[in-house]
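Asker: Dropping the sequence and predicted coords here.
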Amino acid sequence: MLFKVLDENGCSCNGGSMQWSLPTQKEDGAWIPGEWMPEIQGALVACENGYHLCEDRHVLAWLGPMLCEAEYEGECLCESDKLVVRRARLLRVLPWDDRKARCFARWCALSVAHLWDMPAIVRQYLETGDESIRDAAGAAAGDAAGAAAGDAAWDAAWAAAGAAAGDAAWAAGDAARAAAGAAAGAAARAAARAAAGAAARAAAGDAQYAKLCELLGIVA
């Protein structure tokens, strides 16, 4: 599946500020795709010239306020975590909001809870989503992160702190990356660092993408 990540106004948010033509939803729930964006001229160059889309679990590195399903036609330049294309349009806006972003961020943090000594109030927030204790949980996670700096526990604490801190859309992305890093670090210390680290990152990314798809109601 191809994704385009935008800000809450439908503009590019991971470099540039282009306004995209957004899909519209009919009364029966079906989506009318947005217009094809103007064709890019010149050579396609990542981060410089072209429309940028991401495929499947690569979206974890680019999460933002609005997620759309996209398609392209014509030339495509494949980079490690993105596609650079000459023509693109948006097919539908996916059901992603602050509530789901917070849920995803908490899930990511809980997935690495076994790697560090999690304060009780942090676990309580992550498990319940109780907004009345969010600030206290964020402070406790931050304290724990500082005490464990340099260890994989720091990454897990940072993920929890990000999930509890307030900016839900970006917290989800931070939590996903931090959770993957924490899992990879623990595995790498337990086995051959390079091979185990790559395997752990892939496994964590697969699990996180499956959870994201579950929240979005799409097939992974």
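Answerer: Yep, it's here. It should be emphasised that the depicted structure is a prediction, and the values quoted were computed from it without experimental measurement. Residues are numbered from 1 along each chain as shown.

Asker: what's the weakest-modelled helix or strand in the protein?
Answerer: helix 152-165 (a mean of 46; mean pLDDT, DSSP states H and E).

Asker: For Ser21, see how far away the closest residue to Val219 other than its chain neighbours is.
Answerer: Using CB to CB, 6 or more residues apart in numbering and skipping the chain neighbours, the partner closest in space to Val219 is Cys213 (6.7 Å). Quick note: C-beta positions are derived from backbone N, CA and C, even for glycine. For Cys213, the distance to Ser21 equals 25 Å [CB to CB, to the nearest Å].

Asker: Mind checking what secondary structure the residue of the chain most remote from its centre has?
Answerer: No residue in the chain sits farther from the centre than Gly42, which is 30.5 Å out by CA atoms, centre = their mean. Following DSSP: H, G, I helix; E, B strand; the rest coil, Gly42 is assigned to coil.

Asker: ok, now which ones touch the closest residue in space to it that isn't next to it in sequence?
Answerer: Spatial nearest neighbour of Gly42, excluding adjacent residues (CB to CB, 6+ apart): Asn49 at 5.7 Å. Listed by CB atoms under 8 Å, 6 or more residues apart in numbering, the contact partners of Asn49 are Ile40, Gly42, Ala43, Val84.

Asker: so can I have a markdown table of these showing pLDDT?
Answerer: Conversion of the contacts of Asn49 to a markdown table gives the following (pLDDT from 0 to 100):
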| residue | pLDDT |
| --- | --- |
| Ile40 | 97 |
| Gly42 | 97 |
| Ala43 | 97 |
| Val84 | 98 |
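
Asker: out of those residues, which are buried?
Answerer: Those of the contacts of Asn49 that meet the buried threshold are Ile40, Val84, by 16 or more other CB atoms under 10 Å.

Asker: Report the two of the contacts of Asn49 separated the most.
Answerer: Greatest spatial distance among the contacts of Asn49 (CB to CB): Gly42 and Val84, at 11.8 Å.

Asker: and Cys54, what is it in contact with?
Answerer: Shown in contact with Cys54 (CB under 8 Å, 6+ apart): Leu2, Phe3, Lys4, Val5, Ala61, Trp62, Asp81, Lys82, Leu83.

Asker: please redo it, this time with the cut-off set to 10 Å
Answerer: 1-5, 14, 60-63, 70, 79, 81-83 (CB atoms under 10 Å, 6 or more residues apart in numbering).

Asker: Of those, which is the most crowded?
Answerer: Lys4 (29 neighbours; other CB atoms under 10 Å).

Asker: Surely that residue touches Cys68?
Answerer: Yes - when contacts are counted by CB atoms under 10 Å, Lys4 is listed as touching Cys68 (4.7 Å).

Asker: anything in contact with each of those two?
Answerer: Residues touching both Lys4 and Cys68 (CB under 10 Å, 6+ apart): Gly10, Trp20, Gly34, Leu53, Arg89, Leu90, Leu91, Val93, Leu94.
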